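Colleague: This is a predicted model, with the sequence first.
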Amino acid sequence: MYQPFNEQFAAATRQFAETAAQVNRLALDSAEAVFGLQLAAIEERVNATFAFLGEAAEVRDLDGLKTLWPKGVQVARENLERGVSTGQEVFGRTLKAQGAISELAKSQFEAAAKTTLNDVDKVVKGATATATKAAAK
């Protein structure tokens, strides 16, 4: 009597575990890509900043400081642009991963709803057949 219920429960559990594994894989891949992007951006900004600081350490007079000022502004502007660009790319990748996860969840809900409707139809047909037999007697 409980065998069909146990089989349905086991199938649903297995499906849930597979879906959770897929979601985790998508999230991990996304996090890895985002971390790589941010690390590369930080590396570029640090290299540019240290190159500028190296030039600044060699300045010995006021004229050298005057030529260094535009370079400092340029480095700061490029660092800001890189930060904004990286932030936008991270946001885009995060939205893409979330969209894939949402699509996966949607397909799982649709499959579960279809299975449930099929099971309900079977029960209704069985109950109708039983009621018809009982009425005929």
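Modeller: Looks like it arrived, so ask away.

Colleague: all contacts plus neighbour counts: C-alpha atoms, from now on.
Modeller: Fine.

Colleague: In contact with the most centrally placed residue in the chain, which residues?
Modeller: In the chain, the C-alpha nearest the mean C-alpha coordinate belongs to residue 97, at 3.2 Å (Cα atoms, centre = their mean). Counting by Cα atoms under 8 Å, 6 or more residues apart in numbering, residue 97 touches 26-27, 30.

Colleague: again, but for residue 39
Modeller: Listed by Cα under 8 Å, 6+ apart, residue 39 has no contact partners.

Colleague: That one and residue 28: what is the separation?
Modeller: Shown here: residue 39 relative to residue 28, a distance of 16 Å by Cα to Cα, to the nearest Å.

Colleague: give me phi/psi at residue 61?
Modeller: With angles defined as degrees, to the nearest 10, residue 61 sits at phi -140, psi 180.

Colleague: residues near residue 92, how many?
Modeller: Residue 92 has 13 neighbouring residues, counting by other Cα atoms under 10 Å.

Colleague: just checking, what's the longest helix in this protein?
Modeller: Using DSSP state H to define each element, the chain has its longest helix at helix 62-136.

Colleague: State the mean pLDDT of that helix.
Modeller: Averaged over helix 62-136, pLDDT sits at 87.

Colleague: in stretch 46-59, what counts as buried?
Modeller: Buried residues in stretch 46-59, counting neighbours by 16 or more other Cα atoms under 10 Å, are found at 48-49, 52, 56.

Colleague: same check, this time on stretch 92-99
Modeller: Applying 16+ other Cα under 10 Å to stretch 92-99 flags 93-94, 97-98 as buried.

Colleague: Most widely separated two among those residues?
Modeller: 93 and 98 (8.5 Å; Cα to Cα).

Colleague: and the longest helix of the chain, how far out from the chain's middle?
Modeller: Here the centre of helix 62-136 is set off from its chain's centre by 6 Å, with Cα atoms, centre = their mean, to the nearest Å.
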